[in-house]
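Colleague: Sequence first, predicted coordinates after that:
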Amino acid sequence: MLSITLLFALLISLAALAYVVLPLVRQQSPLLPVEDERLTDLLSRKDTALRAIKALEFDHQMGKMSEEDFLRFNQRLRRQAIVLIQQIEKIRPESALLDEQVEAAIARARQQRNASSLATGEATPVPPSLVGATAATPPARFCTQCGTQLDASHKFCSNCGTPVAGSAAVKA
Amino acid sequence: MIFNIGYLILITAMVLASFGIITGVLGGQQRNARLIQSSFNAVLAVAGLVTIASIILWYGLLADQFQVVYIWNSSERALPTFYKFTAMWGGQSGSLLFWSLILSVYSTVAVLSFRKRHALLMPYVYATLLATSLFFLVLMIFAANPFRQVAFMPADGQGLNPLLQNYWMVIHPVMLYLGYVGIAVPFAFAVAALVSKRLDGEWLQTMRRWTLIPWVFLSAGIIMGSQWAYMELGWGGYWAWDPVENASFLPWLTGTAFLHSLIIQEQRGILKVWNMVLIWLTYFLVILGTFTTRSGILESVHSFARSDVGPFFLGFLLLIFLGFIWLLFDRLPLLRDEHQLDSYASREAAFLGNNWLFIGITFATLWGTFFPMFSEILTGDRIAVAAPFFNKVNGPLFLALLLLMGAGPLLGWRHTSLEAVRRQFTWPLLTGLVMVGVMLFFSRNVYPIIGMAACAFITATIVQEYVRGVIARRIHNEESIPVAMGQLIRRNGRRYGGYIVHLGIVFISIAVIGNEFFQQTTHVTLNRGEGVTLGGYELVYTGLESNRAANRSEIGARLLVFAADSGRQLGSVLPQRNIYDKTPDMPTSEVGLRMTLAEDVYVVLNGWNGQGESATFSIFVNPLTIWMWIGGIVIVVGVLLAIWPHPSQRAQTVTQSAYAPAGATVS
């Protein structure tokens, strides 16, 4: 009886031990996720800054903050966020422009679809808010992040600080 | 036979845990993927072994294997199967195994969730989780073996403590353990962050969710304990500041402070040292709480047995304390504040005040709990510290906390201008003042007046926040009111769920105020057919009723409840005494309870004459007590709203993580 017990216990223990020791003796080393520490830090600090901006705006909407306090803190936070975004761009340009690239691809697909429907003579649906704009003024540009209308000469969105890349801004 | 396997498995788990700690620490230092993988495997292996050991003990309990000393002590043949299962945590060594089992579950879920993230933290997380497991395994192997056997097979067991034979027995300890043990996870992350010096970043958000989950279990466990005390122990109250009650409450206090203080660190990058201290303190208090409950060092209703585990706990507590002090001082430069406090009329300042109040209550409670022990050590006389001390000291502190709970959310970040203060505080303050007026009809005591006024104030602030939030959403979006409310909660779950939790706290507060200041009571002996009047009710005793259950006799006294003024019958109550076959000198009592939203009629059967010609009762009318249980449910709902996953953010956190080929190390 005792020996069977010991045998069972030994088997279970050995299995567990093997599971723990195996990675150490295997020929192939397991993959280790590689993280660029500096980039992770910057990204999380940028996220924190953007979240703080969002919280600030919400507080302002809810009337917990006076106008002058809001403007003062808002500017400070946005400047911080822009600095962080610039630093991120230096390290890993693609990550900052990911959204812009996606939006550019969507815009291109839309253009193709509009072009093909123009050829067949259908009217393309235009959002009512933009009807006047398309008729009389040059195409307005909008920020891909927050949707605020962009000034033609600006390189960053005045509302959220996202950098504006030339071809990636959504055209009306 | 099989129980020897159980013991040997625990020894293997202990060895593997030690191994895993070493490989985790070394792997983290050297960034060696093999060592880290081995440590990860060790966490899972230890979890698996502990699970097997637990299953073995459960088998023994359900199969009446009384040669195992623990099973003999905690169970009996006639015990309903349900309670045989729960007997696992009815006594010392079994509950230690249960602790380890829950820790295994938490550890497994945690390490699997973060398998691909926080790569530089995880090795130390593994090591810390394993260190906690190791402690409990050492306890079980050297001081409290759940599998200890005797050479013969006793005919029957001792039975389960009658006080533990009710449905609360299942749910209250389980909730508490889920709360207690869960703190090990955020603690492990905090240690890992300090050791690896990775103190920025997304681990803070992880911490918050992983702290909320044990927190809600701990809250539920504490409230269930109160409910158990209220409905079973029969003294008319729900909280006695008993040492074991305090043991569960202390980590709740620091844990709540930690949850709030984390918000500030996320938003403003300050209070970093506070947060480290708070999470360490919470973990320390969890171990301390387990120690005080298990070592018998403080007498209480809960101390089931004295034991040999005391010295081990003391050693571990000392290690945690010294280790923390050293680590904190060494890493202090990394915990510098990123900003300062811009103004005292700001949310940050309110949260700071919040921290201080919670710490104040914690230390007052610690002092009161341990003072008898210290006085006995120093003077030989055990000076009792009972409820009046705690109420007197903690009462005003809780009141201040309530006021802060209302005012805090109304303040803005950084600074609140006078105009904003006026706009935010006017309506809630008016509501509070109206309540003061109302309360003056009911009491001249300043505490309930201010307490209720504070509750009204907070409720008004919460309603105001929701109303203004919905209005703000509707200005910027075309949404109907229900949709706006839904979106508000969905996008700001943490804040609006948090408000619901606060509402739950308000409900609990009004229950406390009602019970504490407006309770009416009488003790009376009634003959059959005789009645007594109390607090607007008339209760008439009609006779005894008895019932035979599996391992006990239940004897109840029926009382009819009438409204005193109209004479209309409202119902009846049946307070009982349960006399257990195995322990006839330890009867338990079932309270006869009639609950309404306004008040409870609460009757305890103290004794009776002969066949029930007369019976003695303690009768209480407890106003507003049901709101405590309602508040508990509201808290859980609030937490669910707060931790519900958000509309997903951009996958930027994933794009910068790439997998390196074999042999590469992190740059």
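Modeller: That came through fine.
Colleague: residues from the stretch 51-200 of chain B in reach of chain A?
Modeller: Contact residues, the stretch 51-200 of chain B versus chain A (Cβ under 8 Å from any Cβ of the partner chain): B:52, B:116-117, B:119-120, B:198, B:200. Backbone N, C-alpha and C define where each C-beta goes, glycine included.
Colleague: Look up the pLDDT of the residue positioned nearest the centre of chain B for me, please.
Modeller: Per Cα atoms, centre = their mean, the C-alpha nearest to the average position across chain B is that of B:L218, at 2.2 Å. At B:L218, the model reports a pLDDT of 96.
Colleague: Torsion angles phi and psi at it?
Modeller: Backbone dihedrals for B:L218, given as degrees, to the nearest 10, come out at phi -60, psi -40.
Colleague: Please see if whatever helix or strand B:R422 lives in touches chain A.
Modeller: Assigned by DSSP states H and E, B:R422 falls within helix B:418-439. Yes - against chain A, helix B:418-439 shows contacts by Cβ under 8 Å from any Cβ at B:419-420, B:423-424.
Colleague: Specify the helix with the largest residue count in chain B.
Modeller: helix B:347-379 (DSSP state H).
Colleague: how far off helix B:347-379 does the helix or strand following that one point, in degrees?
Modeller: On the C-terminal side of helix B:347-379, the nearest following helix or strand under DSSP H and E is helix B:387-407. Note on geometry: by axes from the mean of the first three to the mean of the last three Cα atoms, to 10 degrees, helix B:387-407 and helix B:347-379 are set 170 degrees apart in direction.
Colleague: how about helix B:387-407: buried residues?
Modeller: Using 16 or more other Cβ atoms under 10 Å in any protein chain shown as the test for burial, helix B:387-407 gives B:389-390, B:393-394, B:397-407.
Colleague: Check what contacts it and list those residues.
Modeller: Here helix B:387-407 makes contact (Cβ atoms under 8 Å, 6 or more residues apart in numbering or on different chains) with B:240-241, B:350, B:353-354, B:357-358, B:360-361, B:364-365, B:368, B:425, B:428, B:447, B:450-451, B:454-455, B:457-458, B:461, B:502, B:505-506, B:509, B:516.
Colleague: Do a quick rundown of the helices in the stretch 401-550 of chain B.
Modeller: Using DSSP state H, counting those that start in this stretch, the helices of the stretch 401-550 of chain B run over residues B:418-439, B:446-476, B:481-491, B:493-518.
Colleague: averaged over its residues, what pLDDT does the third one have?
Modeller: On average, the pLDDT along helix B:481-491 is 86.
Colleague: Would that helix count as contacting chain A?
Modeller: No - against chain A, helix B:481-491 shows no contacts by Cβ under 8 Å from any Cβ, the least distance being 9.4 Å.
Colleague: neighbouring contacts of that helix?
Modeller: B:466, B:469-470, B:473-474, B:477, B:479, B:496-497, B:641, B:644, B:646-647.
Colleague: Out of these, name the two that are farthest from one another.
Modeller: B:R474 and B:W644 (22.2 Å; Cβ to Cβ).
Colleague: out of those two, which sits in the busier spot?
Modeller: B:R474 (15 against 12; other Cβ atoms under 10 Å in any protein chain shown).
Colleague: State the distance from the closest residue to the more buried one other than its chain neighbours to A:A49.
Modeller: Using Cβ to Cβ, 6 or more residues apart in numbering or on different chains and skipping residues adjacent in sequence, the residue nearest B:R474 is B:A484, 5.3 Å away. Here the criterion is Cβ to Cβ, to the nearest Å. By it, B:A484 lies 27 Å from A:A49.
Colleague: try B:A400
Modeller: 33 Å.
Colleague: and if you look at B:A13?
Modeller: 45 Å.
Colleague: of the two, who's got more company?
Modeller: B:A13 (30 against 20).
Colleague: where's that one, which helix or strand?
Modeller: Using DSSP H and E, B:A13 falls in helix B:2-30.
Colleague: What average pLDDT does that helix get?
Modeller: Mean predicted lDDT for helix B:2-30 stands at 94.
Colleague: any low-confidence regions in chain A?
Modeller: A:1, A:27-37, A:93-100, A:117-140, A:165-172 (pLDDT under 70).
Colleague: cutoff 90 now
Modeller: A:1-10, A:22-78, A:80-172 (pLDDT under 90).
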